[in-house]
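Novice: curious how this folds, go ahead:
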Amino acid sequence: MSQIDTENDPFLNLLTEALRAGPGSPQWHEALAQLPADGQDEYRKLIDAREALESGREYRSVRPGAGFTRKVMSGLEQQKPASASKIRIATVVAALSAIVILGLVGLAVYDLYPRTLHADNTQALNELATTFLPTELSTTNFEETVVPTGWRKIGTLPINASSGLKAGDATIPAGDYAGGGIVLAGGVGASKPVAIQATIKVDKPGENLIPQLFASTDSQFSADRAISSQEMVWELQGAKQKVVVNGQVLQESPLESKNPHTVRLVLRGDLAVVECDGKQVWSGHSLLGDKPRYLGIRFIRTGQTAGGDVTVQSVKVMTSNS
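Specialist: Sure thing, here's the model as predicted:
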């Protein structure tokens with residue numbers, strides 16, 4: 001192998017100066033421009049130079065040229081703001097995303113949480129309670145043995161519609177319950193005020209016989225218990241009347257000893273008012289939204305014994321033209 005003249009070879013000197021100056025320097029570009037596309041002698045020189053470096057032969061030390069370190073540090077400093085900017089942007093995006101997620105969760109909780117009377121709804125609820133409802137959609141006094149026209153039966157608990165609507169007897173397994181009743185055949189729109197009113201005679205209250213006046217957003221009721229997915233309910237259990245919204249008891253109060261009792265459930269939009277014997281029992285959000293309402297009355301029996309004697313003497317559904 002021919003030896004390279006490490007002191008006088010112009011190409012090696014040029015290569016050395018290029019390495020001193022660093023990338024981007026004129027020497028660097030000049031050295032690259034002199035590399036041929038082919039040719040054995042030039043490649044051999046490069047190989048010999050590499051072997052000389054690997055064997056530890058000194059030919060000319062290669063050190064950074066003047067300003068090389070400053071150029072490198074300057075380049076690093078120029079990159080820092082960009083990196084910091086990226087970090088700041090990522091932090092801001094993450095924070096905004098967290099705020100949006102928390103906001104959506106809060107909104108969902110707000111929509112699902114049962115709310116009672118708010119100050120901004122007071123006027124609307126008072127107006128709903130005093131709204132005149134002259135149009136009768138249905139009225140029945142239960143003088144026949146069959147389900148009244150315009151209504152349909154729900155549930156498996158037997159009911160008798162002659163001389164008032166009453167629940168029949170049934171053997172219910174311990175810890176279970178059954179339901180049966182009637183619901184208006186068609187849904188009623190949410191935009192207009194509507195009321196369902198029932199006259200109920202309580203000869204013998206019972207813990208295991210529960211009459212209910214209800215409004216539902218679902219036309220489908222379970223075959224055994226006559227209940228649906230989303231409801232607002234007035235019910236009587238023993239001597240206590242309750243208002244139940246979406247499965248949660250929002251109001252509980254004793255029922256007066258007078259007989260019979262007139263119970264009235266008035267709805268419009270998401271607002272509702274419950275009255276018993278001319279007195280307001282509860283008012284607030286029904287959580288029924290803007291879906292059509294399916295109005296009805298039913299009985300729930302629990303336990304293995306019959307118990308209780310309650311008769312619905314009449315029921316009517318009223319609305320207005322506005």
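Novice: quick one, phi/psi of residue 104?
Specialist: phi -70, psi -40 (degrees, to the nearest 10).
Novice: and it, what pLDDT?
Specialist: pLDDT for residue 104: 78.
Novice: same thing with residue 108?
Specialist: What the model reports for residue 108 is a pLDDT of 64.
Novice: next: residue 283.
Specialist: What the model reports as pLDDT for residue 283 is 96.
Novice: swap in residue 301?
Specialist: On pLDDT, residue 301 comes in at 90.
Novice: before we move on, what about residue 261?
Specialist: Confidence score, pLDDT, at residue 261: 96.
Novice: and residue 52, by the same measure?
Specialist: Note for residue 52: predicted pLDDT of 55.
Novice: again with residue 39
Specialist: For residue 39, the predicted pLDDT is 50.
Novice: what of residue 143?
Specialist: On pLDDT, residue 143 comes in at 83.
Novice: what sits against it?
Specialist: Residues counted as contacts of residue 143 (Cβ atoms under 8 Å, 6 or more residues apart in numbering) are 162, 163. Every residue, glycine included, has its C-beta placed from N, CA and C.
Novice: quickly list what it is bridged to.
Specialist: Assessed by DSSP bridges, residue 143 has beta-bridge partners residue 162.
Novice: look up how far residue 216 lies from it.
Specialist: Distance, residue 143 to residue 216, using Cβ to Cβ, to the nearest Å: 26 Å.
Novice: so where's the stretch 1-150 of the chain shaky on pLDDT?
Specialist: Residues of the stretch 1-150 of the chain meeting the criterion pLDDT under 70: 1-9, 11-12, 15, 18-24, 28-29, 31-32, 35-87, 106-120.
Novice: now do 90
Specialist: 1-122, 143-148 (pLDDT under 90).
Novice: likewise the stretch 201-322 of the chain?
Specialist: Within the stretch 201-322 of the chain, the ranges that satisfy pLDDT under 90 run 204-208, 229, 256-258, 302-309, 320-322.
Novice: now the strands for the stretch 51-200 of the chain?
Specialist: In the stretch 51-200 of the chain, the strands defined using DSSP state E, counting those that start in this stretch lie at 135-140, 151-155, 159-160, 166-167, 177-184, 194-204.
Novice: these: which one's closest to residue 248?
Specialist: Taking Cβ to Cβ, strand 177-184 is the member of the strands of the stretch 51-200 of the chain nearest to residue 248, at 18.1 Å.
Novice: could you dump the strands of the stretch 51-200 of the chain to a markdown table with distance to residue 255 and mean neighbour count?
Specialist: Below are the strands of the stretch 51-200 of the chain laid out as a markdown table (distance: least, Cβ to Cβ, whole Å; neighbours: other Cβ atoms under 10 Å):
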| stretch | distance to residue 255 | mean neighbour count |
| --- | --- | --- |
| strand 135-140 | 23 | 14 |
| strand 151-155 | 24 | 21 |
| strand 159-160 | 22 | 18 |
| strand 166-167 | 18 | 23 |
| strand 177-184 | 20 | 22 |
| strand 194-204 | 7 | 19 |
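Novice: using CSV, please lay out the ones you listed together with distance to residue 229.
Specialist: Converted to CSV, the strands of the stretch 51-200 of the chain look like this (distance: least, Cβ to Cβ, whole Å):
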stretch, distance to residue 229
strand 135-140, 23
strand 151-155, 14
strand 159-160, 22
strand 166-167, 23
strand 177-184, 14
strand 194-204, 19
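Novice: quick one, which of these gets closest to residue 30.
Specialist: Proximity to residue 30, assessed across those by Cβ to Cβ, is greatest for strand 194-204 (92.8 Å).
Novice: who touches the closest one?
Specialist: 133, 137, 164, 184, 188, 211, 213, 215, 236, 255, 259-268, 293, 295-297, 307-319.
Novice: between the strands of the stretch 51-200 of the chain, which one is closest to residue 14.
Specialist: Distance to residue 14, taken as Cβ to Cβ, is lowest for strand 194-204 among the strands of the stretch 51-200 of the chain, at 96.8 Å.
Novice: adjacent strands (with direction) for that closest one?
Specialist: Under the rule (DSSP bridges), strand 194-204 has strand 261-268 (antiparallel), strand 309-319 (antiparallel) as partners.
Novice: could you identify which of the ones you listed is most buried?
Specialist: Highest mean neighbour count of the strands paired with strand 194-204: strand 261-268, a mean of 22 (counted as mean count of other Cβ atoms under 10 Å).
Novice: still on that earlier bit, redo the strands paired with strand 194-204 as CSV? Include distance to residue 302.
Specialist: Listed next are these as CSV, based on distance: least, Cβ to Cβ, whole Å:
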stretch, distance to residue 302
strand 261-268, 21
strand 309-319, 14
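Novice: helices of this structure, start to end?
Specialist: 10-21, 26-33, 40-54, 68-112, 122-129 (DSSP state H).
Novice: pretty sure residue 242 contacts residue 248?
Specialist: No - the pair residue 242 / residue 248 is not scored as a contact, 10.4 Å apart, by Cβ atoms under 8 Å.
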